[in-house]
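Colleague: need the 3D shape of this:
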Amino acid sequence: MNSQLETVVFEMEKAVRGKRGVIEHILAALLAEGHILLDDMPGVGKTTLAVALSRAVDLRYRRVQFTPDVMPSDIVGFSVYEPQSGQFVYHEGAATHANLLLGDEINRTSPKTQSALLEVMEERQVTVDGVTYPLARPFMVLATQNPVDFVGTYPLPEAQMDRFFMRVSIGYPSLQDEMDILGRYCGEQKPMESVVPVCSAEDVIAMQQTVKTVYCSKEVRAYIAAICAATRNTPLLSLGASTRAAIALIHAAQANAMLCGRDYIIPEDVQHLAPSVLCHRLSLSAEARMRGYTNEQAFAEVLSAVRIPVRLK
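Modeller: This is a model prediction of the structure:
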């Protein structure tokens, strides 16, 4: 792994123990300029993960606790007419203040507020009263939702799910890791206080540019296209992967290759990140739901049937 990225992982692991794979997924999304949906139980470290990333990479961090009364203007800002100047003055929202925006329990806010995030996530800009304001770079949305609590929630529309680069679950720690976590919280200093910046926003922007130069062979591109086509031609799925999803998978594979210290993609890069990039964009067919499939199980069957190309640079 790139030495600078390795130090970022080291710092984040001071606060998030036993989840190196999750941390690497988050870094891959950051390098590929993507957004993350953290879909997991309360208390497993979703917010801790976001704060640890913002500290290790020295990013401006804002957290929005989504509730039904959160308005679009809270996210994108608003304009107020000032009689003294005779002009409208723009007041920034949470998105325009941040490099890393944590949307906590995003499915608890109204569809109108959720839709305000679409331009933020896709265009990295906000438009208020016909005036467009670019967001800071780098910019990343880390949204969380609880998969088991549906009271007072609004399901995310397919269009918004498709804007999330990856969906990631943290999961519970192992027994040994949980004992380690408990030991770290016994002292006066909290683990998060020991996380120090080892990378700047400018460093991230430079690495994002480098990721775009990672080579993807014709054979690997054909492999990605075949995977996405297979999701559209299986009785297990009623909605397959979009072209946006295929593009996201290439970018994810490029980022993973860079994390592994390579300047070219191999099929293993695609296989490693394909479930996180594609599964949340898929919809099960009625037959698959009746047979008790999950999106992940259906996709695993589809992926296993696609021929793996030879490893070429």
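
Colleague: from here on, just use CA atoms for contacts and neighbour counts.
Modeller: Noted.

Colleague: and the strands in the stretch 1-150 of the chain?
Modeller: 36-39, 61-65, 78-82, 87-91, 100-104, 125-128, 131-134, 140-145 (DSSP state E, counting those that start in this stretch).

Colleague: longest helix in this structure, by residue count?
Modeller: Longest among the helix segments of the chain by residue count, using DSSP state H, is helix 243-259.

Colleague: which parts of the following helix or strand past that helix are buried?
Modeller: Tracing the chain past helix 243-259, the next element assigned as helix or strand by DSSP states H and E is helix 267-278. Residues of helix 267-278 classed as buried by neighbour count (16 or more other C-alpha atoms under 10 Å): 267, 269-271, 273-278.

Colleague: from residue 298, how far off is residue 283?
Modeller: Taking C-alpha to C-alpha, to the nearest Å as the measure, residue 283 falls 10 Å from residue 298.

Colleague: compare neighbour counts for those two and give me the winner.
Modeller: A count of neighbours by other C-alpha atoms under 10 Å puts residue 298 above the other of residue 283 and residue 298, at 23 against 20.

Colleague: test my guess that residue 163 contacts residue 121.
Modeller: Yes. The pair residue 163 and residue 121 qualifies as a contact (C-alpha atoms under 8 Å) at a distance of 6.9 Å.

Colleague: identify the contacts common to these two.
Modeller: residue 35 (C-alpha atoms under 8 Å, 6 or more residues apart in numbering).

Colleague: now the strands of the stretch 1-150 of the chain in JSON lines, with distance to residue 250 and mean pLDDT?
Modeller: Formatted as JSON lines, those follow (distance: least, C-alpha to C-alpha, whole Å; pLDDT from 0 to 100):
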{"stretch": "strand 36-39", "distance to residue 250": "16", "mean pLDDT": "92"}
{"stretch": "strand 61-65", "distance to residue 250": "28", "mean pLDDT": "91"}
{"stretch": "strand 78-82", "distance to residue 250": "36", "mean pLDDT": "85"}
{"stretch": "strand 87-91", "distance to residue 250": "37", "mean pLDDT": "84"}
{"stretch": "strand 100-104", "distance to residue 250": "23", "mean pLDDT": "91"}
{"stretch": "strand 125-128", "distance to residue 250": "24", "mean pLDDT": "87"}
{"stretch": "strand 131-134", "distance to residue 250": "26", "mean pLDDT": "87"}
{"stretch": "strand 140-145", "distance to residue 250": "18", "mean pLDDT": "92"}
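
Colleague: of the ones you listed, which approaches residue 180 most closely?
Modeller: With respect to residue 180, and counting by C-alpha to C-alpha, the nearest of these is strand 36-39 at 23.1 Å.

Colleague: list of residues touching that closest one?
Modeller: Residues contacting strand 36-39 (C-alpha under 8 Å, 6+ apart): 26, 29, 46, 140-147, 164-170.

Colleague: again, 7 Å this time
Modeller: 46, 141-147, 164-169 (C-alpha atoms under 7 Å, 6 or more residues apart in numbering).

Colleague: can you give the strand pairings for that strand, parallel or anti for each?
Modeller: Neighbouring strands of strand 36-39 in its sheet, by DSSP bridges, are strand 140-145 (parallel), strand 166-168 (parallel).

Colleague: taking strand 61-65 as reference, get the angle to the longest one.
Modeller: In other words, strand 140-145. 30 degrees (axes from the mean of the first three to the mean of the last three C-alpha atoms, to 10 degrees).

Colleague: could the strands of the stretch 1-150 of the chain be laid out in JSON lines, adding mean neighbour count and distance to residue 217?
Modeller: Listed next are those as JSON lines, based on neighbours: other C-alpha atoms under 10 Å; distance: least, C-alpha to C-alpha, whole Å:
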{"stretch": "strand 36-39", "mean neighbour count": "23", "distance to residue 217": "27"}
{"stretch": "strand 61-65", "mean neighbour count": "17", "distance to residue 217": "37"}
{"stretch": "strand 78-82", "mean neighbour count": "13", "distance to residue 217": "46"}
{"stretch": "strand 87-91", "mean neighbour count": "13", "distance to residue 217": "46"}
{"stretch": "strand 100-104", "mean neighbour count": "25", "distance to residue 217": "32"}
{"stretch": "strand 125-128", "mean neighbour count": "18", "distance to residue 217": "33"}
{"stretch": "strand 131-134", "mean neighbour count": "12", "distance to residue 217": "34"}
{"stretch": "strand 140-145", "mean neighbour count": "24", "distance to residue 217": "28"}
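
Colleague: that'll do, ta.
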